[in-house]
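Q: coords below, sequence missing:
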């Protein structure tokens, strides 16, 4: 019957209020994620905030502020593992990083609420919403801006479409032209495109290149015997 000793009106009301604040703030954050159809939406963010608040409040009631601090540290680690579950890798693309970070922030909101720092919980919620909503347009604008090949770090590939019979000679010529231009090659892939056509893909070791120089190299290669087409591509390094 020891549980009767833990029934105290004001501490219980304090816990209820902390959990309520965590629920409301987590729901607000999750609603934005749900609207954007993210894998961790309304319920997940609300539950993360409530869970963090419950653990923090429990630690504070049992052991005071120092115990609450210890539990908060473990909550941060635990939510990190939870966030890893929503991160997915598809080829060279990684999805879910923003959603995982939002879950982490929801846990921070819950920890603030569980520590009776209600104003701080509201402030963190506001800033999380600002980051996810107001910065969305800026991110889209930056993503639509072409990369500057002179200063940006990127992966550069030079492609040759060649006659299969002339593969060896064209591959050798490609490497020679790139080396002469001081663009060392990190890797070369050979892809059979059928109908006696083979694609040679040379990935450069350099993470920065001058677009006009690569234009000149590919333009010269187009006129060589056995070469059907030549072009280069660039992709940002993750």
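A: Here it is on my side, so go on. Computed from a predicted model, the values in this text were never measured in an experiment.
Q: OK, contacts around the nearest residue to residue 103 once chain neighbours are set aside?
A: Counting by Cβ to Cβ, 6 or more residues apart in numbering, residue 103 lies nearest to residue 83, which is 4.9 Å off, once chain neighbours are set aside. (Each C-beta comes from the backbone N, C-alpha and C, glycine too.) The neighbours of residue 83, taking Cβ atoms under 8 Å, 6 or more residues apart in numbering as the test, are 99, 100, 101, 103, 104.
Q: of the residues you listed - the most surrounded one?
A: Within the contacts of residue 83, most neighbours by other Cβ atoms under 10 Å means residue 103, with 27 neighbours.
Q: about what we covered before: of the contacts of residue 83, which is the nearest to residue 175?
A: For the contacts of residue 83, the residue nearest residue 175 by Cβ to Cβ is residue 100; the value is 41.7 Å.
Q: how about the closest one, what does it touch?
A: Counted by Cβ under 8 Å, 6+ apart, residue 100 has contacts 40, 83, 84, 86, 87.
Q: tell me the helix or strand right after the helix or strand containing residue 104.
A: Secondary structure from DSSP states H and E places residue 104 in helix 97-114. For helix 97-114, the succeeding helix or strand toward the C-terminus, using DSSP H and E, is helix 118-129.
Q: could you check the angle that next one makes with helix 97-114?
A: Relative orientation of helix 118-129 and helix 97-114, computed by axes from the mean of the first three to the mean of the last three Cα atoms, to 10 degrees: 170 degrees.
Q: can you give me the distance of residue 190 to residue 56?
A: 58 Å (Cβ to Cβ, to the nearest Å).
Q: between those two, which has more neighbouring residues?
A: residue 56 (27 against 12).
Q: OK, contacts around the spatially most central residue of the chain?
A: Nearest to the geometric centre of the chain sits residue 97, at 3.6 Å (Cα atoms, centre = their mean). For residue 97, the contacting residues are residue 87, by Cβ under 8 Å, 6+ apart.
Q: what are the ranges of the helices in this protein?
A: 9-35, 42-84, 97-114, 118-129, 135-144, 167-180, 211-221 (DSSP state H).
Q: ok, for residue 132, nearest residue in space, not its chain neighbours?
A: Closest to residue 132 by Cβ to Cβ, 6+ apart is residue 32, at 5.5 Å.
Q: do you know how far that neighbour is from residue 106?
A: 11 Å.
Q: have a look at these two and say which one is more surrounded.
A: Per other Cβ under 10 Å, whichever of residue 32 and residue 106 has more neighbours is residue 106, with 32 against 18.
Q: that one reaches residue 27, doesn't it?
A: No: between residue 106 and residue 27 there is no contact under Cβ atoms under 8 Å: 9.9 Å.
Q: which residues are common contacts for these two?
A: 45, 46.
Q: how's the chain carved up into domains?
A: In terms of domains, the chain is parsed into 2-144, 154-236 (source: automatic domain parsing).
Q: how about TSV for the ones you listed, with mean pLDDT added?
A: Below are the domains of the chain laid out as TSV (pLDDT from 0 to 100):
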stretch	mean pLDDT
domain 2-144	84
domain 154-236	83
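Q: good, we can wrap up now.
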